[in-house]
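Visitor: Requesting a structural model of the entry that follows:
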Amino acid sequence: METKVTSEPKSKSVSKGGPRIIVDDDDEDLSPTDLSEMLAEGTKESHDRAENCAFVKDFLRGRIKRELFKRGTAALYFVYSAMEEEIEKNKDHPHIAPIYFPVELHRREALARDLEYFYGEDWESQVSVSAGTKPYVDCIHKVGEKDPVLLVAHSYTRYMGDLSGGQILKKVAQRALKLPSTGEGLNFYQFEGIHSHKGFKQLYRSRMNELELDTETKQRIVDESNRAFGFNMMVFSELEEIGNTIKEEVQDVGHGHSHAEIMQGGDINKCPYYAAKMAASGNMTYACQVATVLLKHPPCQVLLAAWMAVLAGFTAWYFL
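Guide: The predicted structure is shown next:
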């Protein structure tokens, strides 16, 4: 049965991994000591560092090589295989059971379909754990065996990212690599069991906040999440190094995306901050874009009108 995430006011009745998930549509009152808030605050710097890796920045701008995308998909396959194997082993653990959503979240099978699309039916004989990915995989297995509560950190870091910025990466990859509109090669980004990403993320954070954890354990989860970001950056760095040795041309440099778009779902071409930064670097296209964006704001229109009036007065005086 297909799982649906729906919203019904003033209801927090949920069925873990079951056929129906109901979440409260209203924002919950959160405390700085809630795990979701501690994670959001405690991983900001790691998130920014990961976002500013050259590989990620190029990806967001549509400069992604097909070979690198394939290798990145393979890296994710091994990471998710490890994580979901350990989650399955610990699904009855009191700190894992509340956030156990295999139907809605697990990505291993989706990644296998993507690898078959890129490498063919014998894809398993063509991919292996890379040197940059192995420490990440080994860490997940160690955590699952020795300290399962830290799987919360790895699950949060990967799945919540997939449901947020991952949806933008899907659009960028589809355009840049000219992938089929029917979704082949992009199954990883498609969560058929979730019909409201926002609602599900709210539910997931709510479940995390309800875990019975002391302050020390919460901080260990935040630290492990930062560690997970570090492992992801190792994978990015490895892909970047490989990319420097590949002469394959970029398939299609489409319109890129920034962190602002990832978080807000807007259009990068409407982001005045990004446009101003590009204009400052000498890009005349973005310089014109800055002017266009500014002209859409009433205060700027008033200032421009006043400036034009002064200029007209000066011109009239000059020619008299």
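
Visitor: Low-confidence stretches in this structure?
Guide: For the chain, applying pLDDT under 70 flags the ranges 1-28, 248-320.

Visitor: what's the spacing between the nearest residue to residue 194 once chain neighbours are set aside and residue 157?
Guide: Using C-beta to C-beta, 6 or more residues apart in numbering and skipping the chain neighbours, the partner closest in space to residue 194 is residue 200 (4.7 Å). Bear in mind the C-beta positions are built from the backbone N, C-alpha and C, glycine included. Counting by C-beta to C-beta, to the nearest Å, the gap from residue 200 to residue 157 is 16 Å.

Visitor: same check, this time on residue 104
Guide: 17 Å.

Visitor: And the strands in the protein, which stretches?
Guide: In the chain, the strands defined using DSSP state E lie at 4-7, 20-23.

Visitor: in the lengthiest helix in the chain, what counts as buried?
Guide: For the chain, the helix with the greatest residue count under DSSP state H is helix 215-243. Within helix 215-243, the residues that count as buried by 16 or more other C-beta atoms under 10 Å are 217-218, 220-222, 224-229, 231-236, 238-240, 242-243.

Visitor: go on, stretch 60-71?
Guide: Residues 60, 61, 62, 63, 64, 65, 66, 68, 69, 70, 71 are the ones in stretch 60-71 that count as buried (16+ other C-beta under 10 Å).

Visitor: Just these: which are in helices?
Guide: 60, 66, 68, 69, 70, 71.

Visitor: Go through these and say which is closest to residue 186.
Guide: Using C-beta to C-beta, residue 69 is the member of these that lies nearest residue 186, at 9.9 Å.

Visitor: Helices of the stretch 101-250 of the chain, residue ranges please.
Guide: With helices called from DSSP state H, counting those that start in this stretch, the stretch 101-250 of the chain shows them at 102-105, 108-119, 134-146, 151-155, 161-162, 166-176, 197-209, 215-243.

Visitor: other SSEs contacting the fourth one?
Guide: If I follow you right, that is helix 151-155. helix 66-89, helix 134-146, helix 215-243 (3 or more C-beta pairs under 8 Å, 6 or more residues apart in numbering; DSSP states H and E).

Visitor: quick one on the thing from earlier: who does the longest helix of the chain touch, helix- and strand-wise?
Guide: Checked by 3+ C-beta pairs under 8 Å, 6+ apart, helix 215-243 has helix 35-42, helix 44-51, helix 54-60, helix 66-89, helix 134-146, helix 151-155 packed alongside it.

Visitor: now, of the ones you listed, which is deepest in the fold?
Guide: Of those, the one with the most neighbours on average (mean count of other C-beta atoms under 10 Å) is helix 151-155, at a mean of 24.

Visitor: Name the residues that touch that one?
Guide: Contact partners of helix 151-155, identified using C-beta atoms under 8 Å, 6 or more residues apart in numbering, comprise 35, 39, 83, 86-87, 90, 95-96, 99, 105, 140, 143-144, 208, 211, 221-225, 227-228.

Visitor: distance of residue 111 from residue 43?
Guide: Taken as C-beta to C-beta, the span from residue 111 to residue 43 is 24 Å.

Visitor: And residue 241, by the same measure?
Guide: 25 Å.

Visitor: Please enumerate residues in contact with stretch 112-127?
Guide: With contact meaning C-beta under 8 Å, 6+ apart, stretch 112-127 is reached by 69, 70, 73, 74, 77, 184, 185, 186, 187, 188.

Visitor: So which bits of it are buried?
Guide: 112, 113, 114, 115, 116, 117, 118, 119, 123, 127.

Visitor: residue contacts, the closest residue to residue 37 other than its chain neighbours?
Guide: Leaving aside its chain neighbours, residue 37 sits nearest to residue 30 (5.3 Å; criterion: C-beta to C-beta, 6+ apart). Neighbouring residues of residue 30 by C-beta under 8 Å, 6+ apart: 36, 37, 209.

Visitor: Among these, find me the one that's closest to residue 131.
Guide: For the contacts of residue 30, the nearest to residue 131 is residue 36 (33.5 Å; C-beta to C-beta).

Visitor: Neighbours of the residue nearest to the closest one when sequence neighbours are not counted, how many?
Guide: Of all residues not flanking residue 36 in the chain, residue 205 sits nearest, at 3.9 Å (C-beta to C-beta, 6+ apart). Applying other C-beta atoms under 10 Å, we find 21 residues neighbouring residue 205.
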